[in-house]
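S.K.: Build me a model:
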Amino acid sequence: MRINAFSDVSLRALMFLATLPEGDLQTSRLIADAVATPYTHVSKAVIRLRDLGLVESVRGRTGGVRISSAGRQATVGWLLRELDTRADVADCETPRGDCPLHLGCGLRVALRRAREAFYAELDDIVIGGLPHVAFLGPVLVPLPTVPPRRPDQG
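M.R.: A predicted model of the protein is given here:
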């Protein structure tokens, strides 16, 4: 099973917010930079997460978003179910319309059960417990600079 790109961005944004001290506000732009995702994608994800009650937004010059207590307690399985907009795992259409096996197909039911088993496996994983702050840090560590040599120092 794979999750879609929107679910991936939403989950990463929520995990990033979970690493911050409680109450800290972050702008969508800063979240986008932190999770290495385009700002427009993160903005859409934040709006959906707000609609689900997983983040709280504060408007204004010093505003931003923060993870809510519901966001910390939500499970990955629940979140992925909420973000999955596909009716079926497989596209049961051909260029000429519906698949001729559509009515008697047992694969669609099996794929739905497999998707639910995938989500059920993630139902015990709480978002607030996912990020391990000790392992988070800057990707690039600045190296100490060495002053340039003067020509008379050889």
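S.K.: which sections of the chain are below the confidence cut-off?
M.R.: 1, 87-94, 97-98, 100-103, 132-154 (pLDDT under 70).
S.K.: Let's see that with 90 instead.
M.R.: Flagging of the chain using pLDDT under 90 yields the residue ranges 1-4, 19-24, 36, 60-64, 84-115, 118, 128-154.
S.K.: What ranges does it have for its strands?
M.R.: 55-58, 64-67, 93-94, 97-98 (DSSP state E).
S.K.: And the first one, how far out from the chain middle?
M.R.: Taking the mean C-alpha point of strand 55-58 and that of its whole chain, the gap between them comes to 16 Å (Cα atoms, centre = their mean, to the nearest Å).
S.K.: can you list contacts of it?
M.R.: Here strand 55-58 makes contact (Cβ atoms under 8 Å, 6 or more residues apart in numbering) with 14, 17, 25, 46, 49-50, 63-68, 71. C-beta: built from backbone N, CA, C; applies to glycine.
S.K.: Sheet-wise, list the partners of it with their directions.
M.R.: strand 64-67 (antiparallel) (DSSP bridges).
S.K.: Give me the distance from the strand it pairs with to the chain's centre.
M.R.: 14 Å.
S.K.: Can you tell me what sits against that strand?
M.R.: 14, 17-18, 20, 22-28, 30-31, 46, 49-50, 54-58, 128.
S.K.: picking up where we left off before, if we only consider the contacts of strand 55-58, which is nearest to L83?
M.R.: Nearest to L83 out of the contacts of strand 55-58 is L49 (Cβ to Cβ; 9.2 Å).
S.K.: Next, the contact list for the closest one, please.
M.R.: Shown in contact with L49 (Cβ under 8 Å, 6+ apart): 10, 13-14, 55, 65, 71.
S.K.: what number of residues lie near the spatially closest residue to A70 that is not a sequence neighbour?
M.R.: Using Cβ to Cβ, 6 or more residues apart in numbering and skipping residues adjacent in sequence, the residue nearest A70 is G53, 5.0 Å away. Neighbour count of G53, defined by other Cβ atoms under 10 Å: 12.
S.K.: you'd agree G53 is up against S69?
M.R.: No - the pair G53 / S69 is not scored as a contact, 9.6 Å apart, by Cβ atoms under 8 Å.
S.K.: Can I get stretch 29-43 as PDB, trimmed to CA atoms?
M.R.: Taking C-alpha atoms only, stretch 29-43 is exported to PDB below (Å, rounded to 0.1, in the frame of the first residue of the first chain):
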ATOM      1  CA  ARG A  29       6.200  28.700   5.000                       C
ATOM      2  CA  LEU A  30       8.400  27.700   7.900                       C
ATOM      3  CA  ILE A  31       6.700  24.300   8.000                       C
ATOM      4  CA  ALA A  32       7.200  23.900   4.200                       C
ATOM      5  CA  ASP A  33      10.900  24.600   4.600                       C
ATOM      6  CA  ALA A  34      11.200  22.200   7.600                       C
ATOM      7  CA  VAL A  35       9.500  19.300   5.700                       C
ATOM      8  CA  ALA A  36      11.100  20.100   2.300                       C
ATOM      9  CA  THR A  37       7.800  20.500   0.500                       C
ATOM     10  CA  PRO A  38       6.400  23.400  -1.600                       C
ATOM     11  CA  TYR A  39       4.600  26.000   0.400                       C
ATOM     12  CA  THR A  40       1.400  25.700  -1.600                       C
ATOM     13  CA  HIS A  41       1.200  22.000  -0.800                       C
ATOM     14  CA  VAL A  42       1.700  22.600   2.900                       C
ATOM     15  CA  SER A  43      -0.800  25.400   2.900                       C
END
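S.K.: Fine, thanks again, bye for now.
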